[in-house]
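*Asks:* predicted model and sequence below, questions to follow.
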Amino acid sequence: MKIVFTIIGLIILAIVIFAVYRLVTVRRQNSKLNAERFNRIKDLYEKLESGQELIDNDVFPFAKNILTRQTTFELLADHNKTYLFPKEYNTLIKGAESNLANWLEFPTELDACPDEIQHIKRVTFDFDGQNNFVHYEVFKYRVNEPHWAAKEGWILGVVGPYFDDSKPFDFPQATFSRVSSTLDKVTPDEEAKWVHKNIANKQ
């Protein structure tokens, strides 16, 4: 019996050590990612903070980049300069696309920005039977070798919920992607409803 308790104790200790290691590693990775994200928009940030006059061409490259688009709009909003944000990227779909790419980049998720990403459709449904509609933007994305998810092909990603009065860069509460949800296994409608049930409703 003593041996059994010893084995159980060792297993519990191993689990605790792994959990602590994982927590420390993820925090370190997130800190590194946040530093990288700041460096991407550092030039624009410094110009705004110093009060320099900006023109459209100063903003366009940051809005075009899927990884800096969302932060760029937020920076401009903080300085009351959203009029400089290019109209072609000031749409709900472009905002959702950037949100998904930034979410996927987290170490606990895909740990990478997709090499390709395409909007498939908007999925809308009455979530409570009272004519209260929610909208989810569904994308497909894929990554190239040597990334571990390259073999999966096109994977579905869902961003939402949005509402009839949502603005392009409103923060969606349920951005999510299951790597197992590939386009050949799950429909966009099925995946959006899964995210609504299992992610949005658990917030």
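*Replies:* Now that the structure is in, tell me what you want to look at.

*Asks:* for stretch 174-187, buried residues please.
*Replies:* Within stretch 174-187, the residues that qualify as buried are 174, 175, 176, 177, 178, 181, 182, 183, 186, counting by 16 or more other CB atoms under 10 Å. C-beta coordinates here come from the backbone N, C-alpha and C atoms, glycine included.

*Asks:* how about stretch 189-203?
*Replies:* Buried-residue list, stretch 189-203, by 16+ other CB under 10 Å: 191, 192, 193, 194, 195, 196, 199, 200.

*Asks:* lowest-confidence one in the buried residues of stretch 174-187?
*Replies:* In terms of pLDDT, residue 183 ranks lowest among the buried residues of stretch 174-187, with 87.

*Asks:* mind listing the strands for the protein?
*Replies:* 116-126, 133-142, 155-162 (DSSP state E).

*Asks:* turn the ones you listed into JSON lines, including mean pLDDT, distance to residue 45 and mean neighbour count.
*Replies:* Below are the strands of the chain laid out as JSON lines (pLDDT from 0 to 100; distance: least, CB to CB, whole Å; neighbours: other CB atoms under 10 Å):
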{"stretch": "strand 116-126", "mean pLDDT": "95", "distance to residue 45": "25", "mean neighbour count": "15"}
{"stretch": "strand 133-142", "mean pLDDT": "96", "distance to residue 45": "28", "mean neighbour count": "21"}
{"stretch": "strand 155-162", "mean pLDDT": "96", "distance to residue 45": "25", "mean neighbour count": "26"}
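
*Asks:* okay, these in JSON lines with distance to residue 41 next?
*Replies:* Listed next are these as JSON lines, based on distance: least, CB to CB, whole Å:
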{"stretch": "strand 116-126", "distance to residue 41": "20"}
{"stretch": "strand 133-142", "distance to residue 41": "22"}
{"stretch": "strand 155-162", "distance to residue 41": "21"}
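
*Asks:* do you know which of these lies nearest residue 58?
*Replies:* For residue 58, the closest of these is strand 116-126, at 25.4 Å, according to CB to CB.

*Asks:* show me what the closest one is in contact with.
*Replies:* 66, 93, 96-97, 100-101, 132-142, 156-157, 188-189, 192-193, 196 (CB atoms under 8 Å, 6 or more residues apart in numbering).

*Asks:* hmm, try it at 6 Å
*Replies:* With CB atoms under 6 Å, 6 or more residues apart in numbering as the contact definition, strand 116-126 has outside contacts at 93, 133, 135-142, 188-189, 192.
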